[in-house]
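Trainee: give the three-dimensional model of this entry:
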Amino acid sequence: MLVGEYDEAIDFYVGSLGFELVEDTPRPDGSRWVVVRPSGARETALLLARATGPEQRARVGDQTGGRVGLFLHTEDFARDHARMVAAGVRFLEEPRHEPYGSVAVFADLYGNRWDLLQPRGTE
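Mentor: Residues are numbered from 1 along each chain as shown. Model (predicted):
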């Protein structure tokens, strides 16, 4: 995931979304290898890569062309939605209850769109 700066991205993903910081290792070229993952996840993680150069910087916050491209699954939608709102996460809509589950679109620190989703049957 292209980000503007490492520390602000870590603050958002760990502090606001409740992700775990898996690794933050300096690299010889001055970059860092920063990996975060949803709390408790073992198979999913994001590499947070500081954008370099104008082409990469232009894509920060628009990595899916303005569409929802990332899905954060939860087993307790109401709890996680309330926690995220309290942490300052910007939701772009009110929660909806669809045939497939409970969902609300939110924007990350840079504007990438995510679904907070509790699939039906996990209530």
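Trainee: what are the buried residues along the helix or strand in which Trp114 is found?
Mentor: Using DSSP states H and E, the element containing Trp114 is strand 113-119. Under the neighbour-count criterion of 16 or more other CB atoms under 10 Å, strand 113-119 has Arg113, Trp114, Leu116, Leu117, Gln118 buried. The C-beta positions use only the backbone N, C-alpha and C, and glycine is treated the same way.
Trainee: assumed Asp7 was part of a helix.
Mentor: Yes. Looking at Asp7 with DSSP: H, G, I helix; E, B strand; the rest coil, it is inside a helix.
Trainee: okay, now it: neighbour count?
Mentor: 12 (other CB atoms under 10 Å).
Trainee: look at it and report its pLDDT.
Mentor: We have a pLDDT of 98 for Asp7.
Trainee: cool, Arg42 as well?
Mentor: 87.
Trainee: check contacts around it.
Mentor: For Arg42, no residue meets the contact criterion (CB atoms under 8 Å, 6 or more residues apart in numbering).
Trainee: that one should be in a helix, yeah?
Mentor: No. Secondary structure of Arg42 (three-state DSSP): coil, not part of a helix.
Trainee: how about Ala104, phi and psi?
Mentor: As for Ala104, its main-chain torsions (degrees, to the nearest 10) stand at phi -150, psi 140.
Trainee: not counting sequence-adjacent ones, nearest residue to it?
Mentor: Taking CB to CB, 6 or more residues apart in numbering as the measure, Ala104 lies nearest to Pro95, with 4.4 Å between them; neighbours along the chain are not counted.
Trainee: gap between the residue sitting furthest away from the middle of the chain and Ser39?
Mentor: What lies farthest from the middle of the chain is Pro28; by CA atoms, centre = their mean that is 27.0 Å. Relative to Ser39, Pro28 is positioned 31 Å away (criterion: CB to CB, to the nearest Å).
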